[in-house]
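A.B. asks: I'd like to go over a predicted model; first the sequence, then the structure.
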Amino acid sequence: MSHAVHSPARPDVSSLTPALEVRGLGKSFHIGGLFSSQAVRALHRVDLTIGRGEIVALVGESGSGKSTLARCVARLEKPSEGAILVDGVEVLKRDRFQASREFRSQLQMVFQDPFGSLNPAHRIEHFLRRSLTIHGKGGTRQRGSEEQTRRRLEELMTTVGLQADMLDSYPHELSGGQRQRVAIARALAVEPNVILADEPTSMLDVSVRIGVLNLMRKLRDEQGISMLYITHDLASARYLADRTAVMFAGEIVEEGESLDLLANPAHPYTQLLVSAVPDPARAGSYDPIHRAQLRQAVMASASCAFENDPKQRCSSEEPVRHQVGDPLNRHWVRCHLYRPRAGAGGHALATEPEPGD
Ligand SMILES: Nc1ncnc2c1ncn2[C@@H]1O[C@H](COP(=O)(O)OP(=O)(O)OP(=O)(O)O)[C@@H](O)[C@H]1O
């Protein structure tokens with residue numbers, strides 16, 4: 001795989017109002033039945049910004065909170081606290097119905113399962129036409145003749161790399177990769193500024209994954225669409241995303257330019273994830289047994305499994321952000337163990353306690 005390529009024509013995203021901004025987002029789920037006071041904290045003080053025409057990958061293991069974040073942003077879940085700004089407008093303060101109408105024309109979600117999201121009784125044309133007429137820009141009913149609508153539907157199919165005559169097919173006549181392209185076309189019909197893609201390739205054959213990733217990249221480069229790309233797969237994050245954010249136990253613990261972050265992971269959890277990716281350049285470095293032990297320690301720990309400190313500072317004191325290396329890489333980490341390495345902007349995990357500890 002090659003690395004994320006930035007088109008020279010793309011704007012400097014840092015100078016514009018972000019397409020999506022999440023501030024201090026928290027979400028707890030009540031569990032254990034009616035009389036239980038137990039709750040699971042799925043998200044905690046999550047801050048995330050996606051610039052215009054930028055793809056940000058959200059990576060982390062199962063249960064880390066990635067889908068909950070996407071579902072809160074898509075307003076499929078109600079966050080317990082925090083703010084969500086789409087194009088600079090705070091959406092949680094808006095009337096729910098109004099916000100959801102506006103929302104769907106600005107922000108679309110593409111789900112993991114290309115099989116479950118299309119009703120088998122309808123032809124492909126039905127799904128795209130519905131998005132176009134109900135949610136498309138220009139009001140509840142898209143203006144224009146039937147001929148124009150059909151042309152637009154064909155154009156959408158071509159944009160996602162499908163033949164126009166597949167509009168007349170049923171979902172079962174398409175492959176998984178083709179169905180996921182239809183799901184993307186359906187999102188595009190609305191002309192959104194932001195797409196939230198939750199594991200869009202994880203149920204696809206390896207051979208067709210790259211095509212879907214390339215399509216997402218094309219939509220960013222040619223249409224300036226911003227994306228939150230949720231994945232377990234670090235290699236695809238490096239391939240596709242401008243920046244990558246790492247989620248651990250409901251918090252974003254590290255974030256930076258994808259290439260820099262994945263080459264120089266600063267948080268022990270990110271290092272754990274990176275160590276699980278077989279890499280020919282690190283021959284012999286992947287030890288599945290060691291990785292399984294580390295993972296078990298992470299999952300079993302009530303506090304931070306990485307903190308080899310009896311005082312468990314993480315449970316009493318939230319770690320602050322530290323910049324990692326060159327500020328241009330916008331790479332930061334939140335970990336009590338982090339110590340900047342003296343000199344060339346590198347980093348290291350502390351092996352000795354901080355002064356005063
Ligand atoms: N509706 C719910 N009720 C109770 N707990 C929930 C609910 N949805 C999510 N959770 C819990 O919130 C945490 C985060 O789950 P989430 O699905 O967001 O993780 P994820 O990183 O997307 O995992 P995966 O990659 O497996 O989808 C988990 O502990 C999960 O059990």
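C.D. replies: Looks like it arrived, so ask away.
A.B. asks: show residues contacting the helix or strand that contains Ser236.
C.D. replies: Using DSSP states H and E, Ser236 falls within helix 234-240. Helix 234-240 has contacts (C-beta atoms under 8 Å, 6 or more residues apart in numbering) with 1-4, 55, 57, 59, 201, 209, 213, 216-217, 229, 231, 244, 258-259, 262, 273-274, 277. All C-beta spots, glycine's among them, are computed from the backbone N, C-alpha and C.
A.B. asks: flag every residue of the stretch 1-150 of the chain that's near the ligand.
C.D. replies: Phe29, Ile31, Val40, Ala42, Gly60, Ser62, Gly63, Ser64, Gly65, Lys66, Ser67, Thr68 (C-beta under 6 Å from any ligand atom).
A.B. asks: out of those, which is nearest to Thr49?
C.D. replies: The closest of these to Thr49 turns out to be Lys66 (C-beta to C-beta; 16.6 Å).
A.B. asks: what is the neighbour count of that closest one?
C.D. replies: The tally of other residues near Lys66 (other C-beta atoms under 10 Å) stands at 25.
A.B. asks: ok, back up a step: any idea which of the residues of the stretch 1-150 of the chain next to the ligand the model trusts least?
C.D. replies: Lowest pLDDT among these: Ile31, with 80.
A.B. asks: count residues in the vicinity of the residue nearest to Ser175 when sequence neighbours are not counted, would you?
C.D. replies: Nearest residue to Ser175, sequence neighbours excluded (C-beta to C-beta, 6 or more residues apart in numbering): Val208, at 7.1 Å. Neighbour count for Val208, taken as other C-beta under 10 Å: 16.
A.B. asks: cool, and the one 3 residues further on?
C.D. replies: Other residues near Gly211 number 16, with proximity taken as other C-beta under 10 Å.
A.B. asks: ok, now the one 5 residues further on?
C.D. replies: When counting by other C-beta under 10 Å, one arrives at 22 neighbours for Met216.
A.B. asks: secondary structure class of it, three-state.
C.D. replies: Assigned by DSSP: H, G, I helix; E, B strand; the rest coil, the conformation of Met216 is helix.
A.B. asks: any idea how this structure splits into domains?
C.D. replies: Residue ranges for the domains of the chain, per automatic domain parsing: 53-80+94-259, 265-349.
A.B. asks: any idea which of these is most buried?
C.D. replies: Neighbour counts (mean count of other C-beta atoms under 10 Å) averaged over each of the domains of the chain peak at domain 53-80+94-259, with a mean of 19.
A.B. asks: now the end-to-end length of it.
C.D. replies: Start-to-end span of domain 53-80+94-259 (C-alpha to C-alpha, to the nearest Å) is 18 Å.
A.B. asks: please determine how far the residue nearest to Ser175 is located from Leu240.
C.D. replies: 15 Å (C-beta to C-beta, to the nearest Å).
A.B. asks: could you do Asp87 as well?
C.D. replies: For Asp87 relative to Leu240 (C-beta to C-beta), the value is 23 Å.
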